[in-house]
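Asks: Structure here, sequence nowhere to be found:
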């Protein structure tokens with residue numbers, strides 16, 4: 001057969017039966033070039049995490065928002081503003097201001113009108129922060145505020161809240177999050193389900209229940225400045241309240257219709273289209289209702305791409321809107337692999353800022369950061385099963401065509417709490433499975449070359465006979481650039 005290119009950029013597709021498919025891309029994502037290149041699809045490493053500061057060693061991130069270029073975070077039971085200063089030498093310094101107490105322990109919803117920041121701890125309490133005076137007001141003490149509430153959005157000068165365990169939403173007065181009219185109450189009556197979440201997209205407000213979605217439009221009326229749109233009721237509801245998030249054009253969520261299992265849906269303007277694969281739907285079906293309800297989502301844009309992440313209990317599944325493929329992000333805590341430790345993201349100060357699900361640190365995504373807070377960022381690619389109509393084949397060699405010569409002198413990585421010198425010749429490890437990815441044989445490492453060694457080839461020679469079906473796994477945990485261009489095999 002000669003030299004054969006093997007597919008590596010299919011992303012995440014793990015079947016209930018691994019011998020059918022156990023494809024994974026962890027901490028790396030498929031890239032589809034937009035013009036002719038040496039390959040139709042390749043793989044890039046995901047950004048690393050760089051720490052800016054820590055506000056708490058035990059509290060985790062609950063929410064984040066940006067107002068007029070300034071980021072705010074709820075970490076533990078405190079609201080913080082993140083400040084940046086730059087000295088005469090161009091050195092950045094980050095500090096935080098403690099702006100008050102936010103009750104509860106779970107994720108919060110946030111929105112703003114340019115002058116005020118609204119914060120909702122679902123079913124517990126709601127707040128308005130005046131961002132000029134740093135005054136934090138508890139809304140349960142404000143006249144006509146119809147709490148408790150579960151979420152807040154902003155549209156056309158109004159904050160809009162949905163009342164907990166009800167089909168009612170209400171709004172603030174115009175441009176004022178501290179005053180309310182008792183008549184500004186709207187009942188979503190297209191279906192008898194309660195409101196689970198709400199989102200603004202384009203010129204519409206969408207109230208999303210447990211089984212249906214109803215669209216509203218703003219009208220010049222006082223009170224009740226929002227009116228339902230005839231015929232704009234859609235047969236999908238929200239299963240995970242904190243998965244409802246804007247994408248690059250509309251919004252996405254983990255949801256379902258009546259008598260349907262959960263899936264991941266994108267609103268298309270005329271209804272919902274499913275973006276989750278059967279493999280992801282199977283993963284959702286294995287979760288309990290409580291685990292599905294706890295799924296959260298984040299999103300960010302980077303170099304023309306737009307990524308949306310869904311935090312599952314054991315992994316984070318990320319959808320790349322540019323190429324419509326999925327990959328995973330995970331973290332390492334000691335020797336354990338966990339779901340991605342990022343709680344959420346907000347863009348401010350010219351970067352993507354993140355808070356944490358483990359502790360109270362605030363960090364940033366870095367495309368040229370190849371570690372996770374100083375520790376290893378482990379990248380894994382698991383291929384589909386390769387077979388030749390059930391026949392054994394002989395493999396002379398396997399070559400991973402990589403961007404080589406990426407080693408960095410003096411780089412370190414924290415392993416087991418100890419700062420350890422990194423390889424100046426970064427190593428990628430290959431292991432093979434003959435049982436569909438259930439177990440793997442020994443790892444064999446090959447170097448990607450010291451800095452400037454651009455002619456290095458990453459080859460595993462004398463591979464011998466492949467069984468009737470084999471799966472290849474590549475792992476890379478070096479603090480150096482990772483670009484997997486293509487995979488070739490010399491097949492007899």
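Replies: That came through, no problem. Everything numeric in this text was worked out from a predicted model, so none of it was measured.

Asks: can you list contacts of stretch 34-45?
Replies: Residues from elsewhere that reach stretch 34-45 (C-beta atoms under 8 Å, 6 or more residues apart in numbering): 5, 7-9, 25, 27-33, 370, 377, 379, 381, 401, 481-486. Every residue, glycine included, has its C-beta placed from N, CA and C.

Asks: can you tell me which of those residues are in strands?
Replies: Secondary structure assignment by DSSP state E places 5, 25, 28-31, 379, 381, 401, 483-486 of the contacts of stretch 34-45 in strands.

Asks: Report the central residue of the protein.
Replies: For the chain, the residue nearest the mean C-alpha position is residue 309 (2.1 Å; C-alpha atoms, centre = their mean).

Asks: Read off the pLDDT value for that residue.
Replies: With respect to pLDDT, residue 309 has a value of 98.

Asks: who does the helix or strand harbouring it touch, helix- and strand-wise?
Replies: Assessed by DSSP states H and E, residue 309 sits inside strand 305-311. Contacts defined by 3 or more C-beta pairs under 8 Å, 6 or more residues apart in numbering; DSSP states H and E place strand 305-311 against strand 296-302, strand 316-320.

Asks: want to try CSV for the ones in strands among the contacts of stretch 34-45, with distance to residue 216 as columns?
Replies: Formatted as CSV, the ones in strands among the contacts of stretch 34-45 follow (distance: C-beta to C-beta, whole Å):
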residue, distance to residue 216
5, 51
25, 39
28, 41
29, 36
30, 38
31, 39
379, 44
381, 45
401, 53
483, 46
484, 47
485, 49
486, 50
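
Asks: out of those residues, which one sits closest to residue 186?
Replies: Set against residue 186, the nearest of those by C-beta to C-beta is residue 29 (41.3 Å).

Asks: re the thing from before, including mean pLDDT and mean neighbour count, could the helices and strands packed on strand 305-311 go into TSV?
Replies: Shown next, in TSV, are those (pLDDT from 0 to 100; neighbours: other C-beta atoms under 10 Å):
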stretch	mean pLDDT	mean neighbour count
strand 296-302	95	19
strand 316-320	97	23
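
Asks: Wait, residue 206 touches residue 190, no?
Replies: No. With contacts counted by C-beta atoms under 8 Å, residue 206 stays clear of residue 190, the gap being 11.7 Å.

Asks: These two: who's more crowded?
Replies: Between residue 206 and residue 190, residue 206 has the larger neighbour count (other C-beta atoms under 10 Å), namely 23 against 16.

Asks: and the more buried one, helix, strand or coil?
Replies: strand (DSSP: H, G, I helix; E, B strand; the rest coil).

Asks: residues touching it, list them.
Replies: Here residue 206 is in contact with 198-200, 213-216, 251, 267 (C-beta under 8 Å, 6+ apart).

Asks: now, which of those lie within strands?
Replies: Using DSSP E, the members of those that fall in strands are 198-200, 213-216, 251, 267.

Asks: quick one: low-confidence ranges for the stretch 301-450 of the chain?
Replies: Applying pLDDT under 70 to the stretch 301-450 of the chain flags residues 388-390.

Asks: measure the residue nearest to residue 325 when sequence neighbours are not counted to residue 381 for me?
Replies: Excluding the flanking residues, the one nearest residue 325 by C-beta to C-beta, 6 or more residues apart in numbering is residue 11, at 4.0 Å. Distance, residue 11 to residue 381, by C-beta to C-beta, to the nearest Å: 10 Å.

Asks: Now list whatever residues contact both of the two.
Replies: Listed as contacting both residue 11 and residue 381 by C-beta under 8 Å, 6+ apart are residue 25.

Asks: Give the burial count for the closest residue to residue 131 other than its chain neighbours, as a bare number.
Replies: Nearest residue to residue 131, sequence neighbours excluded (C-beta to C-beta, 6+ apart): residue 67, at 5.3 Å. Residues lying near residue 67 (other C-beta under 10 Å) number 19.
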